[in-house]
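Participant: Predicted model follows, preceded by the sequence.
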Amino acid sequence: MTDNTLLYVRGGYENMRATFRITDATGSRYSKESLDGFSIGGGVERAISQRISARIEYRYSDIGGGDAKFERHQAPLGVAYHF
């Protein structure tokens with residue numbers, strides 16, 4: 001875009017360890033699983049000064065599958081000081 005603005009994309013592998021507890025008329029059952037998935041996203045970072053920048057990005061995560069599927073949408077904002 002410009003010398004002071006950076007567009008970027010990100011992606012990667014994610015892993016989550018989850019403990020499930022199901023309670024019904026027959027009692028409680030526990031299960032521990034390690035779930036695999038992926039994340040994708042992108043953002044824009046802009047230099048405010050020579051040492052300070054600000055960014056906004058979007059991240060989507062999809063972990064697991066079947067009955068144990070988790071999706072997460074994030075839109076973090078950040079300010080960075082560059083040493």
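Facilitator: Structure received.
Participant: Disregarding residues adjacent in the polypeptide, which is nearest to Val79?
Facilitator: The shortest distance from Val79 to any non-neighbouring residue, by CB to CB, 6 or more residues apart in numbering, is to Ala54 (5.2 Å). C-beta: built from backbone N, CA, C; applies to glycine.
Participant: May I have the strands that pair with the helix or strand hosting the one you found, each with its orientation?
Facilitator: Element membership of Ala54, judged by DSSP states H and E, is strand 52-65. With DSSP bridges as the test, strand 52-65 is paired with strand 27-47 (antiparallel), strand 68-74 (antiparallel), strand 77-81 (antiparallel).
Participant: could you redo these as a markdown table and give each row mean neighbour count, mean pLDDT and distance to Val9?
Facilitator: Shown next, in a markdown table, are the strands paired with strand 52-65 (neighbours: other CB atoms under 10 Å; pLDDT from 0 to 100; distance: least, CB to CB, whole Å):
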| stretch | mean neighbour count | mean pLDDT | distance to Val9 |
| --- | --- | --- | --- |
| strand 27-47 | 13 | 92 | 4 |
| strand 68-74 | 12 | 90 | 15 |
| strand 77-81 | 10 | 97 | 16 |
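Participant: from memory Gly64 sits against Glu71, does it?
Facilitator: No: look at Gly64 against Glu71 with CB atoms under 8 Å: they stay out of range, at 9.2 Å.
Participant: quick one: the residue nearest to Val79 from Ala80, how far?
Facilitator: 8 Å (CB to CB, to the nearest Å).
Participant: what is in contact with these two at once?
Facilitator: Glu45 (CB atoms under 8 Å, 6 or more residues apart in numbering).
Participant: Please list all residues in contact with the nearest residue to Gln74 once chain neighbours are set aside.
Facilitator: Leaving aside its sequence neighbours, Gln74 sits nearest to Arg59 (CB to CB, 6+ apart; 4.4 Å). Residues near Arg59 by CB under 8 Å, 6+ apart: 10, 39-41, 72-76.
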